[in-house]
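Peer 1: got a predicted model here, sequence first, then my questions.
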Amino acid sequence: MMVDQKRLILAIAISIAILFVFEVLWNQPIREAERARQAEIAAQAEIEAQQAREAAPGTPLAAPMPGVAPASPRPATTPASLRVRIDSPGVIGSINLVGAVIDDVTLRRFGVTPDPHSERVRVLERRGNPDAYFAQFGWSAVGSDVQVPPPDAIWQTSATVLGPGRPVTLFWDNDQGQRFEIAIGIDDNFLFTIEQRVINSGAGTITVNPWGRIRREHTPPTEGFFILHEGLVGVFGGRLTEQTYKSAREEAEKRGGASFTHEGRGGWAGFTDKYWLGALIPDQSQDASFTWRVPMEGGQPRYQIDFLAGPKTIGPGLQTASRSHLFAGAKEVHLLDRYAVALRVEGLDKAVDWGWFRFLTRPFFEALHWLAAVTGNYGVAILIFTLFLKALFFPLANKSYKAMSKMKLLAPQMQELKEKYKDDATKLQQEMMALYKREKVNPVSGCLPIILQIPVFFALYKVLFVTIEMRHAPFFGWIQDLSAKDPTNIFTLLGLIPWDPSVIPVIGGFLHLGIWPVLMGITMYLQQKLNPTPPDPVQQKVFMLLPFVFTFMLAQFPAGLVIYWSWNNLLSIAQQWVIMRKVAQQQPAPAKT
């Protein structure tokens, strides 16, 4: 059993060392390199944007991509007369009539910071800007010389404002007898409904392919955490497909421009950020061909996800229509669920990165969300949820704490055995095993509560980190965002010293220690004092260091997780103290050997 304990301590020590090395030698250099790369991309994109402003309108940036029209450089600032204003409870923004581009979407309900007066979050960015991010819908001609709207066509509009119950129809005539229309509707949240119509008043039959695309003209900054996917995402046939921006570039280079293709009925695809999503959802009852592309333009990668619907043949005097949807907004879980049901699209909630432990993370989210709705505070919901978990594991924890209590009572005898057989490790091991067997004690059962907490801890961490419902959710006092780390720092005397310790090389990332992590460390230390002292001096030193190490580690984690861990420790201390008192009263001290 001592060997098992040593192995456990060694595993914990190695894990901590790996986390430290990973942070210092991997995460920090990656983040610094990413910041430098983004600065370089932004500078280059600004140069290209300036060149585009000086170029003649309609000059292609690159060769056309199969089935989908290429982007064209346009001035970053389009006159208001060439824009349709978007005004809904969920979003504000505009649609560019040059190219019929949805490239200006800002979320009303979400700010950049917890301050209710802070700048609102922008999801789609105007074409022509360095960080352009937009959606566009159109047609490609199939087997005929019909003139389809070019990417820089100037569309006419039926109205100047788009809102719920107030759709807008954009139209363009090719002077050959065909009229192309894009009817755009929006709901109270983040869903655009797109209906592409073609009216053929000409003398001949034409065939066209409706398409839709969502495009990013830059590589966006990402969080850089291995537990969070940011990049290209889609669900086809119920199966989740993901590519980071880096993997998409690498795959596209190997495959000649397209990093992924899929053809079939249903599915959706788009770009996912930590909390935001831009996604295309074609008609789920029709076949569509999805392509993920990474064209290189001006020496920089651009990212495009597009779908090509099936060909539409329209005879003289006839018309056709094709419907699809664009989601551009916040990844609110229950809103995604409602859209999935309404549009009959599978796996839309998988835009939220639930991870491999979805069977835990999704139920945990539902429980916390329900408790927050009842209490009005996600922090209080975490406290109540922790009580529920303690009740769920109560029988196992009780058994474990009773074993630990007996172990503590045996400490004097174990010390005597250690002194008696200090020169004979084999005999010492045999005598201790005999003592455990005689007293019916399992020395490793005390590890059970820690082992049980690991998947719970990780699942809760995942929920706090990836769900937008936790973003900017306040607790009490100085905690105004449970998804962010405790903003206080004892290394600045809680803000009295105006300096940033994080700028110190190598160790700077660990020099942020808030009040809640300190409280967590204290509760961890107190709980440890209730446990039996390990007989091995090395184990004793390792256990003494654990509260200190975990204090600094968890200081970088979301405050909600630190609050959970602190509260869980307090509950464990209370439970363990009561059990130890009962065991001490009910069981007389064992006779000395």
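Peer 2: Received it, and whenever you're ready, just let me know what you need.
Peer 1: quick one: the helices in the stretch 301-450 of the chain?
Peer 2: Using DSSP state H, counting those that start in this stretch, the helices found in the stretch 301-450 of the chain span residues 333-343, 358-375, 378-392, 394-409, 411-420, 425-439, 448-466.
Peer 1: okay, buried residues for the fifth one please.
Peer 2: Buried positions in helix 411-420, judged by neighbour count with 16 or more other Cβ atoms under 10 Å: 413-414, 417. All C-beta atoms are positioned from the backbone trio N, CA, C, and that covers glycine.
Peer 1: quick check: mean pLDDT across it?
Peer 2: Taken as a whole, helix 411-420 has a mean pLDDT of 77.
Peer 1: same deal with the longest one?
Peer 2: Helix 448-466 shows a mean pLDDT of 78.
Peer 1: so which elements touch it?
Peer 2: With contacts defined as 3 or more Cβ pairs under 8 Å, 6 or more residues apart in numbering; DSSP states H and E, helix 448-466 has these neighbours: helix 358-375, helix 394-409, helix 559-586.
Peer 1: quick one on the thing from earlier: in a markdown table, list the buried residues of helix 411-420 along with distance to E251.
Peer 2: Putting the buried residues of helix 411-420 into a markdown table (distance: Cβ to Cβ, whole Å) gives the following:
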| residue | distance to E251 |
| --- | --- |
| Q413 | 64 |
| M414 | 59 |
| L417 | 62 |
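Peer 1: which one of those is nearest P487?
Peer 2: Closest approach to P487 among these (Cβ to Cβ): M414, at 45.4 Å.
Peer 1: that closest one touches M432, doesn't it?
Peer 2: Yes. The pair formed by M414 and M432 meets the contact definition of Cβ atoms under 8 Å, at 6.5 Å.
Peer 1: how much space separates S81 from K399?
Peer 2: Distance of S81 to K399, given as Cβ to Cβ, to the nearest Å: 75 Å.
Peer 1: of these two, who's got more company?
Peer 2: Between S81 and K399, K399 has the larger neighbour count (other Cβ atoms under 10 Å), namely 14 against 7.
Peer 1: give me the neighbour count for the closest residue to D187 other than its chain neighbours.
Peer 2: Once flanking residues are discounted, D187 sits nearest to P164: 5.8 Å by Cβ to Cβ, 6 or more residues apart in numbering. Residues lying near P164 (other Cβ under 10 Å) number 14.
Peer 1: how close does P164 get to R122?
Peer 2: 20 Å.
Peer 1: pLDDT below threshold where in the stretch 151-300 of the chain?
Peer 2: For the stretch 151-300 of the chain, no stretch has pLDDT under 70.
Peer 1: change it to 80
Peer 2: 224-225 (pLDDT under 80).
Peer 1: pick the one among the buried residues of helix 411-420 closest to V208.
Peer 2: Of those, the one sitting nearest to V208 (Cβ to Cβ) turns out to be M414, at 83.5 Å.
Peer 1: any idea how far that closest one is from A425?
Peer 2: 14 Å.
Peer 1: R127 now?
Peer 2: On the measure of Cβ to Cβ, R127 and A425 end up 74 Å apart.
Peer 1: the more surrounded of the two?
Peer 2: The neighbour comparison of R127 against A425 (other Cβ under 10 Å) goes to R127, with 27 against 10.
Peer 1: phi and psi next, for the more buried one.
Peer 2: phi -60, psi 140 (degrees, to the nearest 10).
Peer 1: ok, now the one 10 residues further on?
Peer 2: Backbone dihedrals for F137, given as degrees, to the nearest 10, come out at phi -130, psi 140.
Peer 1: one more: D486?
Peer 2: phi -50, psi 120.
Peer 1: just give the number of residues close to it.
Peer 2: Per other Cβ under 10 Å, the neighbour tally for D486 reads 25.
Peer 1: which residues sit in contact with it?
Peer 2: Taking Cβ atoms under 8 Å, 6 or more residues apart in numbering, we find D486 in contact with 478-479, 514-517, 555, 559, 562.
Peer 1: that concludes my questions; thank you for your assistance.
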